[in-house]
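In: Starting from these lines, generate the structure:
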Amino acid sequence: MEHYGCMVDLLGQAGVVVEAVELIEGMSVPPDPVLWVALLGACKVHGLVELGEEIAHKLIQLDPNHDGNYVQLVSIFANSKKWEDIVRIRRLIFDRKANKVPGWSLIEAEGKLHWFVADEEEKESAIKEHSKTLAIAFGLLVTGPGDCIRIVKNLRVCGDCLEMSKIVLKVFRREIIVRDGSRFHHFKEGQYSCKDYW
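Out: Numbering: from 1, shown residues only. Down below sits the predicted model:
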């Protein structure tokens, strides 16, 4: 299953999402929901609203209480300025009492693990509430110039955190490595590994 996941992720990053769908649908074993989640992320990045909505509804049928699927769909609608659809999905989240998984980030500094938890209710409106942002700020305070900042987080890196990491990279000239729920992100010497694909 992991090999399929890698292929779906690569096809999604390359923008050939239809081929990724064909790969999943042609599998000889039932696809893992993680494959559909990877594809949903690709739909968000490449602006494939209709396909993203179709995939999100498949995922919601598989697990109606998992908030991440709704959140991705809301992001897809927001990128396309489909405000009425956003209201409809947010109402669905509330009605179904979908589990809200708090975002957290871990950073090792000064020989200890430091844990930051985001207020997920405020996360969308305030970058200062993102757990990764808090962890990076803490890392800048307690590590020396030139030290690498390494962070592990439970949720996928969002666009705001990606942009903030780029700014830190430019201003402070620090290497940042983040492992999120989907992939590694490596920021070093003005370059970042994910190439805006998160």
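
In: Could you tell me what pLDDT the model assigned to the most centrally placed residue in the chain?
Out: By C-alpha atoms, centre = their mean, the chain has its centre lying nearest to R156, at 2.5 Å. R156 is assigned a predicted lDDT (pLDDT) of 73.

In: Tell me how far it lies from C148.
Out: 21 Å (C-beta to C-beta, to the nearest Å). Quick note: C-beta positions are derived from backbone N, CA and C, even for glycine.

In: now do D95
Out: According to C-beta to C-beta, D95 stands 44 Å off from C148.

In: More neighbours: these two, which one.
Out: The residue with more neighbours, out of D95 and C148, is C148; 13 against 8, by other C-beta atoms under 10 Å.

In: tally of neighbours for the nearest residue to the more buried one once chain neighbours are set aside?
Out: What sits nearest to C148 in space, not counting adjacent residues and going by C-beta to C-beta, 6 or more residues apart in numbering, is E175, at 4.3 Å. By the criterion of other C-beta under 10 Å, E175 has 15 neighbours.

In: and E175, what does it touch?
Out: The contact partners of E175, taken as C-beta atoms under 8 Å, 6 or more residues apart in numbering, are 148-149, 186-189.

In: Tell me where this structure has helices.
Out: 2-14, 17-25, 33-46, 49-62, 67-79, 83-96, 131-142, 159-172 (DSSP state H).

In: Looking only at the second one, what residues are buried by neighbour count?
Out: For helix 17-25, a neighbour-count test (16 or more other C-beta atoms under 10 Å) marks 17, 20-21, 23-24 as buried.
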